[in-house]
Every structure is written in C-alpha cells, then in structure tokens.
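>>> test case, fold it:
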Amino acid sequence: MHTWLALLAAGTVCGFLNAAASSGSAISLPLLLALGLPPAVANGTNRLPVLVGLATAFWRFQRAGAIPWAFTLKLLPTFVLSALAGASLAGVLPMEHIRLLVHIALLLALALVLLKPQRLLVGGQSADALPITPRLHLLMAGVGFWTGLIVLDAATYLLVSLVLVGGVALQQANAIKSVLIGLASLVSLAVFVRSGEVDWAAALPLMLGSALGGWLGASLALGPRARQWIVRLLIVALVSEVAWMLVGLSRG
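Just a heads-up that it's a prediction; the model follows:
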C-alpha cells in the first residue's frame, strides 16, 4: 500500500512538473529504479506517466486555444521520427553510458536556463508568425532523439530551443511542448511495450497521479504569471536534480 501511494504521489508531481515546466521524470524515474525495476523497464514504464500527464495538459491547452497548430505540425515529423530512433537505441545502450549522458545533459540544461533566464521571461512572438529555420529543425531532431532515449529534461531543451532559437513566447512554447513530447512519448512507449519493458502494475498509480498533476500544471501554465512560474520551476527542478546527482556521485 505504501508503495502504491508513493507511486501515486510521484506521478502527481511528475505530471505537474511536466505540464507546467519540465523535469517530472526526475521524480518518477529514480523511484522506479529504487523499487528494483531493471533500468530498461524503469525507462519504459516511466513513459506512461509522462504520456498521461501531457495528454491531460494538452486537453487544457487545446481548450484554451493556446496551441499554435500550424507551427507545431511543421516540427512534428522531425521530432517524432527522431524520438523513434532514440527509443530504439535505448534498449541496447549500456546503462553506464546512459547515466553519463544524463549527467552531461542535466548540467547543460541547468547552464542554459541560468545563463539566459531573462531571455526566457521577456520577448517572443506568436509561433504562427515565425519561420522555422534549418537550425531549429536540427535542434528538434536532437531533442526528439533525447526524448526517445531517456526523456529526462527533454522538455527543458525543447523550451529553450523554441524560445531562444525559434523566437516563440515561453507560454506558447509550453503548449507546443505538450504536443511534441506527448506524441514522442507515445511512439517511444510503443517501442518499449513491444520489447516487454513496461511494468504495468507500477505504471497504474503513476498514471493516475500524473493525470491530476498534468491538469494542475497546465492550469498554472495558463495563468497570468505563467512565464515567471515556468522559469522558477525549471530552475528549482534542475538545481534539485544536480544536487541529487552530486549526492549519488559522492556515495558511489
């Protein structure tokens, strides 16, 4: 019972963070590993709460008319196909290599957010009025690949890419995120299900919690001070992840 409640709570926080900002997997993935799931199974199982939480957030964003569909659909094929390639590699890449990539990606994500927080808070335009450059397509391919491979902090990279390179306003970029990472998670999940790398019993409470958390997170992201909240949550989540990473390295 205690395990079920812990998974439910972790799913709620995961869904909230993923919908409002990023880094929800920093809560759910370590818990699945701590419960003794093999790394590949934990990685696959974690896609379910991510998918459910973002699906709930998508519903909220869509009802509010916050998703710029013309812009989003132009990025979708590159992002989803790259995610499929990343998920295919996840099952064969040694865990020690994945762990090293996670550490590097985490530090890079924190540096990107801390170096230019004001660029995230101000400026940006309506996405449908912006061109999609080859540079942005390349970044979408890279972020999509990482989404399929691990998904941890992929939303941070996506938000930074859309705002700093694409010129999209942060609040609108957050809505685009729910579509791109949500569909990429669905494609990636299919790969893990086919490989038998999903623990459905552990996934159920995570999914239930993530549905609630996604609704709450999207509601916050649609609020009047959404930009400030998104940046604050990004910084807090990333700093917490780095702290846990350093604690783990010191114990190892």
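>>> give me the low-pLDDT residue ranges for this protein?
Confidence mapping of the chain against pLDDT under 70 gives the ranges 1, 95, 116-119, 121-123, 248-252.
>>> hey, where'd the strands end up in it?
Listed in chain order, the strands of the chain (DSSP state E) amount to none at all.
>>> spatially central residue in it, please.
Centroid-nearest residue in the chain: Ala155, 3.8 Å away (criterion: C-alpha atoms, centre = their mean).
>>> how about it: what's its closest non-neighbour residue?
Ranked by C-beta to C-beta, 6 or more residues apart in numbering and with sequence neighbours excluded, the top spatial neighbour of Ala155 is Ser22, at 3.6 Å. No exception for glycine: its C-beta is placed from N, CA and C like everyone else's.
>>> repeat for Leu162
In space, not counting the residues next to it along the chain, Leu162 is nearest to Ala173; the distance is 3.9 Å by C-beta to C-beta, 6+ apart.
>>> how many other residues sit next to that neighbour?
Residues within reach of Ala173, counting by other C-beta atoms under 10 Å, total 24.
>>> residues in contact with it?
Going by C-beta atoms under 8 Å, 6 or more residues apart in numbering, Ala173 touches 124, 127, 158-159, 162-163, 166.
>>> then Lys177?
For Lys177, the set of contacting residues under the criterion of C-beta under 8 Å, 6+ apart consists of 54, 155, 158-159, 162.
>>> reformat these as CSV; add distance to Val193.
Rendered in CSV, the data for the contacts of Lys177 read as follows (distance: C-beta to C-beta, whole Å):
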residue, distance to Val193
Leu54, 17
Ala155, 22
Leu158, 24
Leu159, 28
Leu162, 29
